[in-house]
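>>> coords below, sequence missing:
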DNA sequence: GGTAAGCCTTGAAATGTTTCACTCACCTGT
DNA sequence: ACAGGTGAGTGAAACATTTCAAGGCTTACC
């Protein structure tokens, strides 16, 4: 049927117009306002398009329109399923608005993030969603300053110069440790780092706050810092934990995310510790793998998809609504108790 | 400094030219062939660009060039880390060629895949890499027919009308079951499905071939079909496995991918089975979570990143080399033995 | 002083689409 | 018969960039 490269180059509206014996304005009308074209002409044009194998050239549309029909999400860590679920939520909303979503992955590297942003700005995407490596990096402010709709995901913005969507991380830290106190633990560890990551700092703060409020001794709250938020680092934290003198060894660990928790869990099991009896573990994010772990993991749930959907809603509002006001959407995390903290001590 | 929206719209080369007092051809030369422009002029133009906050409009470049500066990868299942590692490999190669990579996710749904492909063709991407839902779907042939560089990933093409990159799945099935036979198992299960997925069929075939070649009884090879390749389906397969009369219950399971294996592992542990003593488990893909499972998972490794890099190399060759010939790159899988098959029976 | 050779710079054309002010033919009601 | 209206289609302009033939200026050389 369609004879794509009759003369090497893809057919344009002009070719279609010639083939159908109409002006190219009419072809454009068939594409964009079919109702203003008579049925007979419309059909003739449509047949010509099919015969030639015509495909709209998106760059030309964009050039004319001044903006692309796409949103972009720059995620922090492609290896962490959490960000995928967020992306999934964004895509749902983008789909509903008939927009494409470009997903990029900075892999926690500032220069990669900057490169992605550069490209996206050149592409004139309608809006940018990002979970940034560093929320105060100047290239982010630059985006907002340029007037590109911009939403920070999983991180609340300090200034009010753009929207953001996140879970209350301090509260998340609180409920994790409250749960452990509830279970009778008297010595707990916080596993997470580096502290350049805001989420880590806030979850730690919430955890520590509760610890103090319950009148527990400062020395019974151990901070095990990690280099990154990966399962590998979780295992290494497990080794350090096992190396502590038994008097000082915590009976429970609150990990800053589920990957750390899964790594820690793995090390514990390998080392012959029983979970939760010898070591209780709480993670954060409640990724699908948390429930699927060999000892199902207690975790602080974030509404991952909803985070994404809300972020997309905000960026679209900024893009289309002239009266848009920046908004900081904060969600409430919830504890999902599973076997990894299953027993009450003492 | 830069005054973005002096009059509402982003500054163009024309504005830069006016500000620097040169023609717009010269501005373009500064951007694309800096060496032909005298140092003084170049500097003047660059200062003007900085002052105006000029940003190249990618759509206009593309329109002129006739093609975008991007590759695309449509992955089958965003929830499976395997595809991420493949994407990572592709991105490495794309980066080296100074191309962007658009990552899309069909989520195993044909219509979503088709929609993504439509958009990508409209964007005039330089090449498309895809792990298809159905390798024989007509919309795939259509892409190749249009002359768009096209590579199938994780699936060997039957006809020779495009490149493909994959692991030898039949061999993968063979080595998994050879390993189990080696460990003394006399009754094994294959967990995986639906059989519309080619990978599943081939891994099963390899497994069955070896079983026969070793002269084992047909009835001691149990096929437990699943609806999808997820951890949830793995758990449900575990339930069915546990429900078998003990005379017929296999002592080992070979799962068509690691997600299934992790789900099965979780169910086994929950149900009080010891892994590997009561049930040995082999997965496929060797995703990072396999090693991080509470009982580290034996798995058939695919060279995930290399799969991606090779695919990108092929698509770039097709895009740039007029003498390109289609190539079916097949990789050899390797067994990675871990604790989940750790004991020898009998 | 004329000229050939470089080096820089210019201006116009081309890319594919959308929009919008127009025209043209035909109809309606007076 | 004619003003006014309507429905269908037209053609040129605009979007931002790149390319390329052509031209201007300087320099060096005869």
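Received, thanks. All values derive from a computational prediction rather than experimental measurement.
>>> So residue A:152 belongs to a helix, correct?
No: assessed with DSSP: H, G, I helix; E, B strand; the rest coil, residue A:152 is strand; it does not lie in a helix.
>>> For it, give me the pLDDT.
At residue A:152, the model reports a pLDDT of 97.
>>> Quick one: name the residues of the stretch 151-300 of chain A near chain B.
A:231-232, A:235, A:262-263, A:265-266, A:269-270, A:288-289, A:292-296 (CB under 8 Å from any CB of the partner chain). Backbone N, C-alpha and C define where each C-beta goes, glycine included.
>>> Where does confidence bottom out across these?
residue A:294 (76).
>>> how many neighbours does the spatially closest residue to it that is not a sequence neighbour have?
Spatially, and ignoring its direct neighbours in sequence, residue A:294 is nearest to residue B:294 (3.1 Å; CB to CB, 6 or more residues apart in numbering or on different chains). Residues near residue B:294, counting by other CB atoms under 10 Å in any protein chain shown, number 23.
>>> How about residue A:215?
The burial count for residue A:215: 6, using other CB under 10 Å.
>>> now residue A:331
Residue A:331 has 18 nearby residues by other CB under 10 Å.
>>> Looks like it contacts residue A:300 (just checking).
No: using CB atoms under 8 Å, residue A:331 is not in contact with residue A:300; the gap is 11.6 Å.
>>> The residue nearest to residue A:294 looks like it's in a helix, true?
No: under three-state DSSP, residue B:294 falls outside any helix and is assigned coil.
>>> how far away is the residue of chain A found nearest chain B from residue B:238?
Per CB to the nearest CB, residue A:294 is where chain A lies closest to chain B, at 3.1 Å. With distances taken as CB to CB, to the nearest Å, residue A:294 is found 12 Å from residue B:238.
>>> Mutual contacts of the two, please.
residue B:266 (CB atoms under 8 Å, 6 or more residues apart in numbering or on different chains).
>>> Show me the strands in the stretch 201-346 of chain A, by range?
A:221-224, A:252-255, A:280-285, A:298-301, A:328-331, A:334-336 (DSSP state E, counting those that start in this stretch).
>>> Distance from the last one to the middle of the chain?
Right, the one you point to is strand A:334-336. 19 Å (CA atoms, centre = their mean, to the nearest Å).
>>> Give the buried residues for that strand.
Judged by neighbour count using 16 or more other CB atoms under 10 Å in any protein chain shown, the buried positions of strand A:334-336 are A:335, A:336.
>>> Just checking it against chain B, any contact.
No: on the criterion CB under 8 Å from any CB, strand A:334-336 is out of touch with chain B, staying 15.6 Å away.
>>> Quick one: list the elements packing against that strand.
Here strand A:334-336 touches helix A:169-182, strand A:298-301, going by 3 or more CB pairs under 8 Å, 6 or more residues apart in numbering or on different chains; DSSP states H and E.
>>> Quick check: which helices or strands does whichever helix or strand comes after the first one pack against?
Past helix A:169-182, heading to the C-terminal end, the next element that is a helix or strand (DSSP states H and E) is strand A:188-191. Applying 3+ CB pairs under 8 Å, 6+ apart, one finds that strand A:188-191 makes contact with helix A:198-213, strand A:221-224, helix A:231-243, strand A:252-255, helix A:258-270.
>>> Neighbouring strands - and their directions - for strand A:188-191?
Paired strands of strand A:188-191, with direction, are strand A:221-224 (parallel), strand A:252-255 (parallel) (DSSP bridges).
>>> sorry, back to before: mind putting the strands of the stretch 201-346 of chain A in CSV, mean pLDDT and distance to DNA strand C included?
Converted to CSV, those look like this (pLDDT from 0 to 100; distance: least, CB to the nearest atom of the strand, whole Å):
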stretch, mean pLDDT, distance to DNA strand C
strand A:221-224, 96, 57
strand A:252-255, 98, 50
strand A:280-285, 98, 41
strand A:298-301, 98, 43
strand A:328-331, 96, 32
strand A:334-336, 98, 45
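>>> Relative to residue A:159, which of those strands is closest?
strand A:328-331 (10.4 Å; CB to CB).
>>> what's in contact with the closest one?
Contacts of strand A:328-331 (CB under 8 Å, 6+ apart): A:156-157, A:160, A:163-168, A:302-303, A:306-307, A:310-311, A:314.
>>> Which of those residues are buried? Put it as a PyMOL command.
Remark: buried members of the contacts of strand A:328-331, expressed as a PyMOL selection using 16+ other CB under 10 Å:
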select buried, chain A and resi 156+157+163+164+165+166+167+168+302+303+306+307+310+311+314
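>>> Just name the closest of the contacts of strand A:328-331 to residue B:150, please.
Nearest to residue B:150 among the contacts of strand A:328-331, with distances taken as CB to CB, is residue A:311, at 33.3 Å.
>>> and residue A:33, backbone torsions?
phi -140, psi 60 (degrees, to the nearest 10).
>>> Quick one: residues contacting the closest residue to residue A:90 other than its chain neighbours.
Nearest residue to residue A:90 in three dimensions, chain neighbours excluded: residue A:308, at 4.0 Å (CB to CB, 6+ apart). By CB under 8 Å, 6+ apart, the residues touching residue A:308 are A:73, A:85, A:86, A:87, A:88, A:89, A:90, A:91, A:92, A:93, A:153.
>>> Swap in 7 Å and give it another go.
Contacts for residue A:308 (CB atoms under 7 Å, 6 or more residues apart in numbering or on different chains) come out as A:86, A:87, A:88, A:89, A:90.
>>> can I assume residue A:116 sits in a strand?
No: the assignment for residue A:116, made by three-state DSSP, is helix rather than a strand.
>>> what about it, neighbour count?
20.
>>> Quick check, it in contact with residue A:106.
Yes: if you go by CB atoms under 7 Å, residue A:116 and residue A:106 touch, sitting 6.3 Å apart.
>>> Mutual contacts of those two, please.
Counting by CB under 7 Å, 6+ apart, the shared contacts of residue A:116 and residue A:106 are residue A:74.
>>> on that earlier part again, mean neighbour count, the helices and strands packed on strand A:188-191: which tops it?
strand A:252-255 (a mean of 30; mean count of other CB atoms under 10 Å in any protein chain shown).
>>> could you measure the residue of the stretch 1-150 of chain A found nearest DNA strand D against residue A:16, distance?
When scored by CB to the nearest atom of the strand, the stretch 1-150 of chain A has residue A:25 as its residue closest to DNA strand D, at 2.5 Å. Note on residue A:25: its distance to residue A:16, by CB to CB, is 12 Å.
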